[in-house]
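[1] compute the structure for the input listed below.
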Amino acid sequence: MSFHHTLRRRPAFTLLELLLTLVVLAAIASVAIPHAGVLLGDRRLVRAGDQLRVEMTRLRVDAMRQGRVMMMEGMVEGSSFRIKPFFSVSDSTEAIDQTGSQSALLSGATQGTVVPLQTDLDAETEVALPEDVTVTSIGVVSAARAAEIEQLSLSNQAEGWGRPILFYPDGTTSTAAITLSHASVGRVVVRIRGITGDVTVSEVLSQ
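    Numbering: from 1, shown residues only. Sure, this is the predicted structure:
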C-alpha cells in the first residue's frame, strides 16, 4: 500500500516545465549546431588538402616510373581534378629504359625503341574533392618546357579548367599553388615546388 501511495503522490511535469525545457534545448542547439558545422567543414578542408598532396606525390612517382609526362588540371570554382598522361617526343630524352640507362637513345635508336608505354595514352581519371570544398584558384609558374602542353590546353582553360600542373619523368614538376576553399570555414593552400617536387599544405586560413 505504501508503495502505491508513493507513486500516486509523485509530482509530474507541468506543461510549462516541458515548454521551458524545450526552449532551453533549442537555445543549446542553436549554439552547438553551427559549431559542429564549422568543425565538420574544417575536417573536410583539411582532408581535401591532404588528398591533393597524396595525388601529386603519386603523380610524380608515376611520371618517373612510366617515363612520360603526367598532368593534373583542376576545375576553377569547381570541386574536381582530372589526371591524364601527356606524350611528346621530348619525353624520350628523359625516359630511362628498363636497364636503368639511356643507351638506346644515345646510340641513335628509333623513336619506337625508346618511347615507353605507348598504350592507354588517352586514359583519364577524375579526383573529386570532399563536399562543399571548391578550387578557388590555380597558379602555375610559366616554364619554357611546359609551353607545348599549355598551348594545347588553351581550349580546356576556356572551359574553366586551370593551367595544367605537370609532372616530368626526371622527377621535377611545375611550380604551382592551389587554393581550396570552404565557404563557412576558410581556405588551405597546396604548394608544389618544381625542382624537388615537394608538396606542402598550409594550415586552415581565414577567407
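
[2] tell me where the protein has strands.
    All strands of the chain, identified by DSSP state E, fall at 69-74, 80-86, 125-128, 133-140, 165-167, 176-182, 186-192, 199-201.

[3] mind listing what's buried along the second one?
    Counting neighbours by 16 or more other Cβ atoms under 10 Å, one finds that the buried residues in strand 80-86 are Phe81, Arg82, Ile83, Lys84, Pro85, Phe86. For glycine as for every other residue, the C-beta is placed from the backbone atoms N, C-alpha and C.

[4] for that strand, give the mean pLDDT please.
    Strand 80-86 shows a mean pLDDT of 92.

[5] could you do the last one as well?
    Strand 199-201 shows a mean pLDDT of 95.

[6] that strand: partners in the sheet, and parallel or antiparallel?
    strand 186-192 (antiparallel) (DSSP bridges).

[7] which residues touch the strand it pairs with?
    With contact meaning Cβ atoms under 8 Å, 6 or more residues apart in numbering, strand 186-192 is reached by 42, 45-46, 48-49, 52-53, 56, 136, 165, 173-181, 198-207.

[8] hmm, which of those are the buried ones?
    By 16+ other Cβ under 10 Å, these give 42, 45-46, 48-49, 52-53, 56, 165, 173-181, 199, 201, 204 as buried.

[9] hmm, Val141 is touching Thr173, no?
    No. With contact defined as Cβ atoms under 8 Å, Val141 and Thr173 do not form a contacting pair (10.6 Å).

[10] mutual contacts of those two, please.
    Residues touching both Val141 and Thr173 by Cβ under 8 Å, 6+ apart: Gly194.
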